[in-house]
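> Everything below, folded, please.
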Amino acid sequence: MNQFIAAIDQGTTSSRCIIFDHDGRIVSIAQKEHRQFFPRSGWVEHDPEELWLNTREVGAAALAKADLRRRDIAAIGLTNQRETTVVWDRTTGKPVYNAIVWQDTRTDTLVEELAGDAGPDRYREITGLPLSTYFAGPKVRWILDNVDGARERAEAGDLAFGTVDSWILWNLTGGVGEEDQPPGLHITDVTNASRTLLMNLETQQWDPAICAELGIPESMLPEIRSSSEVYGRARERGPLAGVPIAGILGDQQAATFGQGCLSPGEAKNTYGTGNFLLLNTGTTPVRSEHGLLTTVCYRIGDAPAVYALEGSVAVTGSLVQWLRDNLGLIRSAGEIETLAASVPDNGGAYFVPAFSGLFAPRWRPDARGVIAGLTRFVEKGHLARAALEATAYQTREVIEAMNADSGVDLRTLKVDGGMVANDLLMQFQSDILGVPVVRPTVAETTALGAAYAAGLAVGFWENEEEIRRNWAADRTWEPAMPVDERERLFGEWNKAVERTYDWA
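Down below sits the predicted model:
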């Protein structure tokens with residue numbers, strides 16, 4: 001009997017496989033980090049072949065840890081770091097270049113050229129997105145323009161493009177193929193396609209005019225499908241051979257689904273490498289007037305697509321990694337809370353981690369990171385606290401924009417991701433927002449959302465209401481900070497942010 005669902009979560013810093021039971025509880029988990037490459041300032045890359053190898057390894061390890069076999073798995077769901085871009089050769093299966101990560105800013109000049117007189121909103125009405133280095137389309141164009149022979153091979157139909165979900169799925173379903181096996185499936189889902197700057201939000205298909213203007217041959221693009229349907233089966237060689245692959249969601253949409261935010265007006269915030277706040281707006285896309293993104297939240301089978309407003313913050317958890325790896329301020333990410341708790345406040349210091357510019361709601365690619373308010377009094381505990389507080393301040397900025405766009409004030413914030421284990425941060429988040437912050441029992445909501453999408457497609461879960469019943473709160477933080485103090489701190493944060501402008 002198929003008793004479980006496997007979720008592959010290929011993220012910015014690691015690949016994981018998590019196996020869930022019918023109640024949405026974790027049965028087994030395996031994880032492996034991959035290398036980060038920084039060839040130049042502002043460039044961030046991954047090795048696509050390493051991502052695929054690690055995905056295979058964690059799949060086998062998760063089964064082994066729980067003493068399960070492939071026949072125990074009803075379906076596989078896939079979730080991924082979204083805008084990260086891979087271009088590969090269909091015949092050899094080899095990437096033509098490293099994966100260009102969503103944080104990468106090398107396309108800044110190209111983005112300015114594309115904006116022209118129309119400005120960064122040139123494609124916003126069609127795609128829901130501003131022109132930005134964040135999205136996949138300009139990254140594809142960079143590869144075609146800068147890798148020898150890439151454009152000619154692409155125009156001949158020899159190259160394939162995909163966000164990481166497409167790359168993993170293509171390999172998982174057969175890759176280049178063998179004598180007795182067809183090649184892998186070249187597919188993406190609507191949530192990942194909506195992050196490329198190439199998809200029409202209304203039709204949910206590639207926009208030929210935008211593709212032509214960006215110089216991207218449509219033959220490179222994967223087929224766009226729903227987020228929950230049986231796409232195919234895992235290839236015959238491998239630990240999950242023959243298991244249906246039945247769900248694909250970009251990581252932040254997967255977390256929204258995993259949090260049970262299935263009705264308009266429900267929102268979640270994921271605290272990972274960056275922060276991503278999504279608000280379900282129902283089956284009609286809402287155009288933002290306050291710097292947010294309009295994106296596809298999910299589409300289940302033949303049902304209409306559900307849309308979301310999203311606020312994306314580039315650097316939150318990765319700031320903690322930076323303090324660990326670049327400055328040696330801490331030895332492990334978990335030490336940040338203890339160090340921050342060694343002082344009662346930030347000592348007047350504010351950390352604005354605009355390493356890749358500022359994302360929502362400001363969209364300032366010219367910004368760069370600063371630490372403001374330094375005096376001789378400030379020591380490493382204050383810097384640690386300022387780093388954590390930066391996450392909470394940036395989240396408030398996004399929520400204020402979301403409240404303005406939706407016309408509805410957020411009353412409770414559902415949270416997930418690695419940083420929600422940090423009690424000091426969660427309390428400060430509640431304080432600076434003035435609303436309760438709620439952590440679910442299962443914090444791995446990204447993988448859980450992918451599992452739910454796959455399980456719905458094969459009848460493992462009957463409907464969305466069954467998924468909603470699985471959600472349960474683990475802990476709630478209530479605001480305790482006086483209003484005047486909250487506003488003073490946020491005012492000083494805004495003053496610090498303004499110091500980051502016009503740097504690059």
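> Show the contacting residues for the nearest residue to residue 181 once chain neighbours are set aside.
Excluding its sequence neighbours, the residue lying closest to residue 181 (Cβ to Cβ, 6 or more residues apart in numbering) is residue 174, at 5.4 Å. Yep, even glycine has a C-beta here, placed from its N, CA and C like the rest. Counting by Cβ atoms under 8 Å, 6 or more residues apart in numbering, residue 174 touches 181-185, 235.
> And residue 463, by the same measure?
Residues near residue 463 by Cβ under 8 Å, 6+ apart: residue 456.
> try residue 229
246, 301, 457.
> Which of the residues you listed ranks first by neighbour count?
The most crowded member of the contacts of residue 229, judged by other Cβ atoms under 10 Å, is residue 246 (27 neighbours).
> Looks to me like that one is in a strand.
Yes. Checked against DSSP: H, G, I helix; E, B strand; the rest coil, residue 246 lies within a strand.
> Surely it is in contact with residue 230?
Yes. Using Cβ atoms under 8 Å, residue 246 is in contact with residue 230, at 4.8 Å.
> got any residues that touch both of those two?
In contact with both residue 246 and residue 230: 75, 457-458, using Cβ under 8 Å, 6+ apart.
> Could you write me a ChimeraX select line covering just the buried ones among the contacts of residue 174?
Per 16 or more other Cβ atoms under 10 Å, the buried members of those correspond to this ChimeraX selection:
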select :184,185,235
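> And the residue lying closest to residue 83 once chain neighbours are set aside, how close does it get to residue 24?
Distances taken as Cβ to Cβ, 6+ apart put residue 102 closest to residue 83, at 3.9 Å, once the chain neighbours are dropped. Distance of residue 102 to residue 24, given as Cβ to Cβ, to the nearest Å: 28 Å.
> tally of neighbours for residue 28?
Applying other Cβ under 10 Å, we find 18 residues neighbouring residue 28.
> so it touches residue 60, yeah?
No. At 11.3 Å, residue 28 does not count as touching residue 60 under the criterion of Cβ under 8 Å.
> partner residues bridging residue 223?
residue 187 (DSSP bridges).
> and it, what does it touch?
Contacts of residue 223 by Cβ under 8 Å, 6+ apart are 186-188.
> picking that back up, looking at the shared contacts of residue 246 and residue 230, spot the one nearest residue 323.
residue 75 (39.5 Å; Cβ to Cβ).
> Verify the contact between that closest one and residue 461 for me.
No. Checked against Cβ under 8 Å, the pair residue 75 and residue 461 is beyond contact range at 10.4 Å.
> Quickly list what's touching both of those two.
Common contacts of residue 75 and residue 461 (Cβ under 8 Å, 6+ apart): residue 455.
> In terms of neighbours, single out the busier of these two.
The residue with more neighbours, out of residue 75 and residue 461, is residue 75; 27 against 22, by other Cβ under 10 Å.
> Which of the three states applies to that one?
With three-state DSSP as the basis, residue 75 sits in strand.
> Who is it paired with across the strands?
With DSSP bridges as the rule, residue 75 is bridged to residue 5.
> quick one, what contacts it?
2, 5-6, 230, 243-247, 454-455, 457-458, 460.
> do you know how far it is from residue 160?
Between residue 75 and residue 160 the computed distance is 25 Å (Cβ to Cβ).
> do the same with residue 368
In terms of Cβ to Cβ, residue 368 sits 35 Å off from residue 160.
> cool, and residue 126?
24 Å.
> For the two, indicate the residue with more neighbours.
Between residue 126 and residue 160, counted using other Cβ under 10 Å, residue 160 has the larger neighbour count: 23 against 17.
> Is it correct that the more buried one falls within a strand?
Yes. Assessed with three-state DSSP, residue 160 lies in a strand.
> on that earlier part again, for the residue nearest to residue 181, report the pLDDT, please.
Looking at residue 174, its pLDDT reads 89.
> Next, it: secondary structure please.
coil.
> low-scoring pLDDT stretches of this structure, where are they?
1 (pLDDT under 70).
> Tell me where the longest helix sits in the protein.
Assignment by DSSP state H gives helix 380-406 as the longest helix of the chain.
> name the helices or strands packed onto it?
strand 267-271, strand 275-282, strand 306-313, helix 317-325, helix 335-340, strand 350-352, helix 423-433, helix 483-498 (3 or more Cβ pairs under 8 Å, 6 or more residues apart in numbering; DSSP states H and E).
> can we see that at 7 Å?
strand 275-282, strand 306-313, helix 317-325, helix 335-340, strand 350-352, helix 423-433, helix 483-498 (3 or more Cβ pairs under 7 Å, 6 or more residues apart in numbering; DSSP states H and E).
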